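**Student:** With the sequence up front, the predicted model follows.
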Amino acid sequence: GLTPKDAAGAPLDRFSFLDRKGTVSEEIQNARSTSYGMYVFFLQTLESAPNNADLYIRMIDLNSSAYVAGLRRGDRILSIDGNTKLDYNTQRAQNFKGINDALNSESMKVKWRTPGGQEFEKTINSVQYSINPILSSWVKDIDNNKVGYFAFSSFLSIVNDKNAPTPLQTDFEKLFASFESQGVKHLIVDLRYNGGGSTLTAEYLANKIVPSTATGKRMY
């Protein structure tokens, strides 16, 4: 009853699409993207006007032009190409055209403010870069427990088109070896901004995370 229907009453396919330009396969299989590597969201703070919100960065891809320019998660975008009307209410009234046009452009001048109050303005270009989806990792002692953490932005493939390990698989092997050598017993996997990807990578991670008592048991 919840599956939407078309005009003829047939169920609509909401779960597949054609990757005509190869954008998705280029990112998932080859770990390459052509963009600014900058992802934004609206945040209501004490500085924003009542019933409104300002534009902030929620994630930056490592190796991207935005990262190289110095933009980081938590920075507030003050203007893009001189346009300071980036607040939620203004952008919503134009169906977010201003922001979408900027993020889909080839070059833009961005002015931003860091959480510490410093302001910068630089021109960045939309260029191809190698994606590193392991954004951050650490090990800490929390309440007498050894806790490991890593933030993971995309399930890129762990094997290339020749079935050889990709740099991501090598990075994961090193990361989990480090967790094991430090005696990590509790693991936090941060998937807040992860849009999915390769099921092979998901299976690989599941096998890395589950205890040895799960060996031979049904995964799914």
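**Tutor:** In hand now; what should we look at? No experiment lies behind these values; they were computed from the predicted model shown. Residues are numbered from 1 along each chain as shown.

**Student:** if I look at the residue lying closest to Leu43 once chain neighbours are set aside, how far off is Ala7?
**Tutor:** Excluding the flanking residues, the one nearest Leu43 by C-beta to C-beta, 6 or more residues apart in numbering is Tyr56, at 4.6 Å. C-beta here means a position set from N, CA and C on the backbone, and glycine is covered the same way. Between Tyr56 and Ala7 the distance is 41 Å, computed by C-beta to C-beta, to the nearest Å.

**Student:** Just want to know which of those two has more residues nearby.
**Tutor:** Taking neighbours as other C-beta atoms under 10 Å, Tyr56 and Ala7 compare with Tyr56 leading, 18 against 5.

**Student:** give me the number of residues near Val139?
**Tutor:** 16.

**Student:** Just the buried positions in the helix or strand where it lies, please.
**Tutor:** Take DSSP states H and E as the rule and Val139 turns out to sit in strand 134-142. Going by neighbour count (16 or more other C-beta atoms under 10 Å), the buried part of strand 134-142 is Ile134, Leu135, Ser137, Val139.

**Student:** The first one bridge partners, please.
**Tutor:** Right, the one you point to is Ile134. Beta-bridge partners for Ile134, by DSSP bridges, are Phe152.

**Student:** can you check the last one too?
**Tutor:** On DSSP bridges, the residues paired with Val139 through beta bridges are Gly148.

**Student:** Might you report the residue contacts of it?
**Tutor:** When contacts are counted by C-beta atoms under 8 Å, 6 or more residues apart in numbering, Val139 touches Lys146, Val147, Gly148, Tyr149, Ser178, Phe179, Gln182, Val184.

**Student:** Give the buried subset of those residues as a ChimeraX selection command.
**Tutor:** The buried subset of the contacts of Val139, as determined by 16+ other C-beta under 10 Å, is captured in ChimeraX by this line:
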select :147,148,149,179,184
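
**Student:** Among the contacts of Val139, which one lies nearest to Pro50?
**Tutor:** Using C-beta to C-beta, Tyr149 comes nearest to Pro50 of these, at 36.1 Å.

**Student:** just checking, next helix/strand downstream of the biggest helix by length in the chain?
**Tutor:** As assigned by DSSP state H, the longest helix anywhere in the chain is helix 167-181. For helix 167-181, the following helix or strand on the C-terminal side (DSSP H and E) is strand 186-190.

**Student:** Quick check, pLDDT for Phe17.
**Tutor:** Looking at Phe17, its pLDDT stands at 49.
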